[in-house]
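Asker: need the 3D shape of this:
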Amino acid sequence: MFLSKLTLATATATAAAFVVESIAAQNIIDKLLEDPNNDILSGALDFADLVDALSGGGPFTLFAPDNEAFEALDEALLDKLTKEEWKPQLQDLLRYHVLDEEVPSSDLRSEITATTLNGEDITTKDEPLRVNEDANIDDSYVDIEGGNGIIHGILEVLTPTSVGSNVVDILEGDERFSTLVQALKDEELVDALSGEGPFTIFAPTDDAFADLGGETLGSLAKILKYHVVAANAHSSALSNGDLATLNGDSVAVVVVDDAVMVNDATVIDADMIANNGIIHAVDTVLIHFCCSKSSKSKSIKSSKPSK
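Answerer: Numbers count the residues shown, from 1 in each chain. Got it, this is the predicted structure:
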């Protein structure tokens, strides 16, 4: 099913690639399209809108899982990644297979650590030559040269953090969000945000909470829900307008050039991808008329001293 969904999208591109071959040096996408064992990867790159990025520029090193490697993944994961709503998660997975430098297999045997296009590191090991622990290099498809990089076939799909981590897991793994994580636990919101999603969290850092100076706020649960949108909103998809949050009120998003504002907060670290949504770190706690002081008011204890 996954194969049929993604390979159909590449039929036209495959035909075009053979025309291009006679005109210019093939790039790594052109080289992929030559081998039917790469049909799922080629289709996934097309569906994820990454073909243009990997057709120019470079140099790149692409670790290319074959069809069998993709088909060995969990069926529910494969089905999810073919849905438009979850395209950022597919993009994150695919970028985890690409380096922004050309590394021949001879250098991989030196057991290097390198940063992929999704920002996470991979490591290579020898005997057998592999990426991370289990993705063996395919000896029959290695050092495939393209005009803008090199391809090494691998026999297993590499899985970035986003595949196995929900939004709460990501927050818990980042020391900048210890106050937010504790608040979510105190208000018993962890289970809800560990569900299917999608969720977009505008996540105040510990510094943002420290800036409150111990101020007594209204309903803590309402404040926390005011930071969550029921969508899988990548920063590239954000535009000027209001977004409804889980507490029923809306936040105002303003995009100017590369800067994103949410009410009076600035997004300072965008697009932390999880398997059930996306986190954007913000420098200010979002407080609105929804969260006015009441008899049930609470103060949020920051893990950092107030400034």
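
Asker: CA atoms for contacts and neighbours, from now on please.
Answerer: Noted.

Asker: so what's residue 216 scoring on pLDDT?
Answerer: Note for residue 216: predicted pLDDT of 57.

Asker: now residue 61
Answerer: Residue 61 carries a pLDDT value of 98.

Asker: go on, the one 10 residues further on?
Answerer: Looking at residue 71, its pLDDT reads 96.

Asker: and what of residue 293?
Answerer: Looking at residue 293, its pLDDT reads 51.

Asker: do residue 74 as well
Answerer: With respect to pLDDT, residue 74 has a value of 94.

Asker: straight-line length of stretch 172-185, end to end?
Answerer: End-to-end distance for stretch 172-185, by CA to CA, to the nearest Å: 11 Å.

Asker: mind listing what's buried in it?
Answerer: Neighbour-count burial for stretch 172-185, counted by 16 or more other CA atoms under 10 Å, picks out 172, 176-184.

Asker: tell me how many other residues crowd residue 270.
Answerer: The tally of other residues near residue 270 (other CA atoms under 10 Å) stands at 17.

Asker: now it. Nearest residue, chain neighbours left out?
Answerer: Sequence neighbours aside, residue 280 is the residue nearest to residue 270 in space, at 4.4 Å (criterion: CA to CA, 6 or more residues apart in numbering).

Asker: quick one: the buried residues of stretch 172-185 as CSV, columns for distance to residue 142, secondary structure and pLDDT too.
Answerer: Formatted as CSV, these follow (distance: CA to CA, whole Å; DSSP: H, G, I helix; E, B strand; the rest coil; pLDDT from 0 to 100):
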residue, distance to residue 142, secondary structure, pLDDT
172, 38, helix, 98
176, 41, helix, 98
177, 42, helix, 98
178, 44, helix, 97
179, 47, helix, 96
180, 46, helix, 97
181, 44, helix, 98
182, 47, helix, 96
183, 49, helix, 96
184, 47, helix, 97
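
Asker: any chance of the residues you listed in TSV, plus distance to residue 66?
Answerer: Output for those, formatted as TSV (distance: CA to CA, whole Å):
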residue	distance to residue 66
172	34
176	38
177	38
178	40
179	43
180	41
181	39
182	42
183	44
184	41
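
Asker: still on that earlier bit, am I right that the residue nearest to residue 270 is in contact with residue 201?
Answerer: Yes - applying CA atoms under 8 Å as the test, residue 280 and residue 201 come out as touching, 6.2 Å apart.

Asker: more neighbours: these two, which one.
Answerer: Between residue 280 and residue 201, residue 201 has the larger neighbour count (other CA under 10 Å), namely 28 against 21.

Asker: what pLDDT, on average, does stretch 162-169 get?
Answerer: Across stretch 162-169, pLDDT averages out at 98.

Asker: ignore what I typed, I meant stretch 79-92.
Answerer: 97.

Asker: distance from the chain centre to that stretch, please.
Answerer: Mean-position distance between stretch 79-92 and its chain equals 10 Å (CA atoms, centre = their mean, to the nearest Å).

Asker: that's all I had, so thanks and see you.
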